[in-house]
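K.L.:
mind looking at a prediction? Sequence and model below.
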Amino acid sequence: ITPLPFAHGVASGDPLKDRVIIWTRVTEIVQSASSIPVSWKVATDPSMKTVVKSGTQSTNADRDWTVKVDVVGLLPATTYYYQFNTLGFPSIVGRTRTAPATAVESIRFAVLSCSSYWSSYWSGLDHIAKRNDLDLVVHCGDYIYDFVDEDETVRARNDKKDTALPDYRDWLNLTELRRRYALYRCEPNNLRAHQQHPWFIVWDNHDIDEKYGNELATPFDGEKSTTTLAQTTQAFWEWTPSRPLKADGSGEFILVNDGSYPTPQDSKLVLRHLPYGPMLDVIGIDTQIGLPGHGLTMDST
């Protein structure tokens with residue numbers, strides 16, 4: 001676990017040939033201000049001595065104190081290191097890599113899905129974190145889970161397998177939903193895998209399910225849940241190092257060039273196209289949000 005105020009570590013994602021998203025979150029026991037400035041820097045060395053890009057971005061409660069920067073003007077197929085600082089404290093140093101601009105001899109991706117916190121200790125993420133030769137980690141969905149599978153109760157936060165607790169059952173509101181991302185992102189193997197590599201992430205059913213439901217019995221009435229689809233998708237964009245999309249459904253990115261927080265025009269769109277050099281295009285598709293349970297009217301054309 002990393003210390004406050006960067007208890008959830010750092011992350012990067014959606015790398016292009018000349019830019020990458022970097023991410024962190026500011027966590028305080030007692031909130032010190034309504035807006036907190038966070039400085040960031042990118043260097044070519046892990047000791048952060050050769051800084052090539054830097055800036056400052058403020059965060060607040062509206063984005064759950066997360067920080068996302070679209071760092072521009074980088075070289076292709078290059079490994080970079082990055083770090084944040086706020087309230088007099090530095091974050092851990094993250095490592096990331098841009099996409100190639102020309103043909104390369106090889107590209108190495110790690111691909112995973114269905115990351116239930118309660119079903120395992122994530123030794124696979126530990127192996128990913130220890131690799132230095134990966135270009136990108138692709139997560140195909142169920143990046144977080146809304147409930148505990150009844151036949152997969154391997155672990156629980158602080159060993160408390162109690163469905164009255166918000167970390168061992170489905171979320172009831174936006175606060176508990178954000179808490180689920182926080183639980184995931186302070187898990188040591190997951191934290192280090194995000195620290196070490198850039199990620200490309202899409203959601204699946206568990207990530208965006210707004211309805212309350214559990215396989216294990218809980219003392220709560222699902223009708224008391226206030227979670228909406230807009231909130232489940234909002235939290236995804238807050239807590240993942242993902243580049244926002246244009247609202248036209250094209251899958252094209254919104255490219256932010258001024259260091260401001262990258263915000264999606266429509267949080268319910270996740271289908272996107274990551275051009276990864278001349279050899280590969282990575283397409284993230286959405287197989288869930290158009291299903292009848294979410295109540296959306298989809299464009300059939």
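P.N.:
Thanks, I have it. Computed from a predicted structure; not experimentally measured.

K.L.:
who's in contact with residue 143?
P.N.:
115, 184, 201, 203-204, 207, 236, 240 (Cβ atoms under 8 Å, 6 or more residues apart in numbering). All C-beta atoms are positioned from the backbone trio N, CA, C, and that covers glycine.

K.L.:
and residue 69, what are its bridge partners?
P.N.:
In this entry, residue 69 is beta-bridged to residue 22, by DSSP bridges.

K.L.:
that one reaches residue 40, doesn't it?
P.N.:
Yes. Judged on Cβ atoms under 8 Å, residue 69 makes contact with residue 40 at a distance of 5.6 Å.

K.L.:
neighbour count winner among the two?
P.N.:
A side-by-side neighbour count of residue 69 and residue 40, using other Cβ atoms under 10 Å, places residue 69 first with 27 against 22.

K.L.:
ok, that one - contacts?
P.N.:
Counting by Cβ under 8 Å, 6+ apart, residue 69 has contacts 21-23, 40, 55, 57, 259, 261-262.

K.L.:
go again using 6 Å as the cut-off
P.N.:
Each residue near residue 69 by Cβ atoms under 6 Å, 6 or more residues apart in numbering is listed here: 22, 40, 57, 259.

K.L.:
kindly report the same for residue 140.
P.N.:
So residue 140 contacts residue 113 (Cβ under 6 Å, 6+ apart).

K.L.:
for residue 58, pull up the helix or strand it's in.
P.N.:
Using DSSP states H and E, residue 58 sits in strand 51-60.

K.L.:
same check, this time on residue 155
P.N.:
Counting by DSSP H and E, no helix or strand carries residue 155.

K.L.:
where does it land on pLDDT?
P.N.:
We have a pLDDT of 97 for residue 155.

K.L.:
again with residue 300
P.N.:
In this prediction, residue 300 carries a pLDDT score of 51.

K.L.:
rewinding a little: which one (most neighbours) among the contacts of residue 69?
P.N.:
Ranking these using other Cβ under 10 Å puts residue 22 first, with 25 neighbours.

K.L.:
that one contacts residue 80, correct?
P.N.:
No. Contact status for residue 22 versus residue 80: not in contact, 9.1 Å apart, counting by Cβ atoms under 6 Å.

K.L.:
got the contacts of residue 69 as JSON lines, with distance to residue 135 and pLDDT columns?
P.N.:
Output for the contacts of residue 69, formatted as JSON lines (distance: Cβ to Cβ, whole Å; pLDDT from 0 to 100):
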{"residue": "22", "distance to residue 135": "17", "pLDDT": "98"}
{"residue": "40", "distance to residue 135": "22", "pLDDT": "98"}
{"residue": "57", "distance to residue 135": "26", "pLDDT": "98"}
{"residue": "259", "distance to residue 135": "25", "pLDDT": "96"}
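
K.L.:
residue ranges for the strands of the protein, please.
P.N.:
10-13, 20-25, 35-43, 51-60, 66-71, 79-86, 89-90, 94-97, 109-112, 136-139, 198-201, 272-276, 280-284 (DSSP state E).

K.L.:
rebuild the ones you listed as a markdown table, extending it with distance to residue 129.
P.N.:
Putting these into a markdown table (distance: least, Cβ to Cβ, whole Å) gives the following:
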| stretch | distance to residue 129 |
| --- | --- |
| strand 10-13 | 12 |
| strand 20-25 | 16 |
| strand 35-43 | 20 |
| strand 51-60 | 25 |
| strand 66-71 | 21 |
| strand 79-86 | 15 |
| strand 89-90 | 20 |
| strand 94-97 | 10 |
| strand 109-112 | 10 |
| strand 136-139 | 10 |
| strand 198-201 | 12 |
| strand 272-276 | 21 |
| strand 280-284 | 21 |
